[in-house]
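A.B. asks: Please work out how this folds:
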Amino acid sequence: MRYDLPFPLRNPKSAIRLCVLLAACTPVTTRPDFKPDPRALVVVLNARPERVTLELETLLPAESLEVERLNVRDGYVETSWYDATRRRSYRHPRDIADLPATVKIRCWADPWVPGQTRLTVEPVYRPRVDPSRTERDLEVIVSQEEEGYKIAQRLVDKLKERFGLPKAAQ
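C.D. replies: Residues are numbered from 1 along each chain as shown. Just a heads-up that it's a prediction; the model follows:
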């Protein structure tokens, strides 16, 4: 049985290259479909995004935070909800006892210039529960006086110590 293509195929190798190219350009990502809050902590580090993401994978458990989502290729890390007063992580939002004290930290490691990463660290909390709205709509950046923000700041400080800052940023 012979199948005719809707377009002429002159070189079979071209078709293979086209398939490989299309497969490599997949729009699938583990990052959320929203951007970080503009008030989040931002730092430029002297390391590639992959190295920063792997270092975060080590630093977060050291701060007693449980990693919920991590993808080195995408440069994205997200923690479970963490109650800073009880020092306990929650897998399900319905288990949270103290909403204002419970934070989630998201990290975006984006390529900046070759060999550098623009890291955005977003500590958020939810002041209330409203099933009619998305989780993101209810999230608010943690204030600088709160423990959740201090945890995020410690992460940034440790990464700055580990990788250093570009000369212009020092």
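A.B. asks: contacts and neighbour counts: CA atoms only from here.
C.D. replies: Noted.
A.B. asks: any idea how far R88 is from T102?
C.D. replies: Using C-alpha to C-alpha, to the nearest Å, T102 is found at 9 Å from R88.
A.B. asks: hmm, I was thinking of P100
C.D. replies: Distance, P100 to R88, using C-alpha to C-alpha: 14 Å.
A.B. asks: neighbour-wise, which of the two wins?
C.D. replies: Using other C-alpha atoms under 10 Å as the criterion, P100 and R88 rank with P100 on top: 18 against 15.
A.B. asks: And for the closest residue in space to that one that isn't next to it in sequence, the neighbour number?
C.D. replies: Using C-alpha to C-alpha, 6 or more residues apart in numbering and skipping residues adjacent in sequence, the residue nearest P100 is P127, 5.5 Å away. P127: 14 surrounding residues under other C-alpha under 10 Å.
A.B. asks: same thing with the one 10 residues further on?
C.D. replies: By the measure other C-alpha under 10 Å, the count of residues near D137 is 9.
A.B. asks: so where does it fall, helix or strand?
C.D. replies: Taking DSSP states H and E as the criterion, the element that holds D137 is helix 135-138.
A.B. asks: For the biggest helix by length in the chain, enumerate the helices and strands it packs against.
C.D. replies: Ordering each helix of the chain by length in residues (DSSP state H) puts helix 147-163 first. Applying 3 or more C-alpha pairs under 8 Å, 6 or more residues apart in numbering; DSSP states H and E, one finds that helix 147-163 contacts strand 41-45, helix 49-62, strand 102-111, strand 117-125.
A.B. asks: try 6 Å
C.D. replies: Applying 3 or more C-alpha pairs under 6 Å, 6 or more residues apart in numbering; DSSP states H and E, we find helix 147-163 packed against no helix or strand.
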